[in-house]
Every structure is written in structure tokens, then in C-alpha cells.
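Colleague: Here you go, sequence then predicted model.
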Amino acid sequence: MTHHRIRTASLIALTALCGGVGAETPSSVAVSYEGDPARYIDARLDRVGGDEARQRVRDALQRHLQALGAEHLPEGQQLDIAILDIDLAGRFEPWHFHLHDTRIMRDITWPSIQLRYTLRGPDGEIRSGEETVTDMDYLRHSRFLPEHDRLRYEKRMLADWFRKRFGQRTPAESAEAV
């Protein structure tokens, strides 16, 4: 075996033993989806995609919210978020049949996510609420977003909401979390 193959095999074995990167770090954000996701206003990235297309959206939003929690919530706090409805930015326009899976972005097709949340600390509930998170100016922010991410508008909107609702940790707290 060459040195490169031994090194690769060692890394694979180490990853398997450790359970993957970050597997031991508990998330401070738990995300659930209420109701039938097929009844959400618009929660799929592909025009003809069914349950699998909606599941990809739910998984991506869940990972994003958990990453926001790891970045912003102080240690010891737990945030439970229940997604009640999703309306992604843009629309599939049937008269654009040649643009099969292309979402058309217009000023009136902003992203919107209805959710309910409860923030808990060691001493109990800190804050809870239900609201609809929207970004009516999503197109104005588009030049600052990565074009490869199909949920960039929704992720930016949720990141802004998260910072406004739960604040940001101080640089010292962020350094301690690493």
C-alpha cells in the first residue's frame, strides 16, 4: 500500500470511530415541522418534486437553524422551533414551460416562514412566540448572497430574524464555543 492509501484508510477509520465530525456536539436548536408538509404554501425547489423535494428543503433549513443556534445562543440555552408553513422566494410560472425548474423572482414573491419558538435556559422558559418571518426586500440583498445556494433568500431571512430575536454572543462567548 502506498503512503497516500494508508493515510486515507486511517482517516476513514478515524472518522468512523468518532462517529463523524461534530457528532458529539449537541445542538442547542431543535427544529420540527407541524402539519402536512405537502400542504405548505410552497416548500419545494423543484416544480415536479414531491415529498423528496420538500424533505431537502426541510433538511437544509433545519441544518441552517441549528448552525445559527451554535453561533448565537449562549451555552445552556435550548431553542425549540416548530415550522408551521413555508413559502419560498419566487414562483414557478407555468407559462415559462422552457424554464422547467427555474423559480422566477419578483418583488411580490418574497420568502415567508411561519413558525413558533420557545427559548429555554437553565431556569426555564425565557421567551416564546409565534410569528411569520418575511423579507419583502429580498431582491435588494441578492447581490451579497452566494448564487450556488438555492435557499439563499430564506437562509438570509432566517439569519436576520435569529440575530434580531435572540441577539448575538459577544466575541469572547463565540471563542469559548469553538
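Modeller: Now that the structure is in, tell me what you want to look at.
Colleague: CA atoms for contacts and neighbours, from now on please.
Modeller: Noted.
Colleague: List the buried residues of the longest helix seen in the chain.
Modeller: The longest helix of the chain (DSSP state H) is helix 51-72. Buried residues in helix 51-72, counted by 16 or more other Cα atoms under 10 Å: 54-55, 57-58, 61-62, 64-72.
Colleague: which one of the residues you listed is nearest Glu154?
Modeller: The shortest approach to Glu154 among the buried residues of helix 51-72 belongs to Leu61, at 8.2 Å (Cα to Cα).
Colleague: so that closest one makes contact with Tyr153?
Modeller: No - look at Leu61 against Tyr153 with Cα atoms under 8 Å: they stay out of range, at 11.4 Å.
Colleague: burial measure for Pro122, as a count.
Modeller: Using other Cα atoms under 10 Å, Pro122 has 10 other residues around it.
Colleague: What does it show for phi and psi?
Modeller: Main-chain dihedrals, Pro122, degrees, to the nearest 10: phi -60, psi -30.
Colleague: Find the nearest non-adjacent residue to it, please.
Modeller: If the residues on either side of it in the chain are set aside, Pro122 comes closest to Gly76, at 6.1 Å by Cα to Cα, 6 or more residues apart in numbering.
Colleague: average pLDDT for the host helix or strand of Arg156?
Modeller: Per DSSP states H and E, Arg156 falls inside helix 152-166. The predicted model assigns helix 152-166 a mean pLDDT of 93.
Colleague: what's the answer for stretch 129-141, then?
Modeller: On average, stretch 129-141 scores 90.
Colleague: what distance separates the start and the end of that stretch?
Modeller: 27 Å (Cα to Cα, to the nearest Å).
Colleague: Over to stretch 138-149?
Modeller: OK, stretch 138-149 end separation, Cα to Cα: 14 Å.
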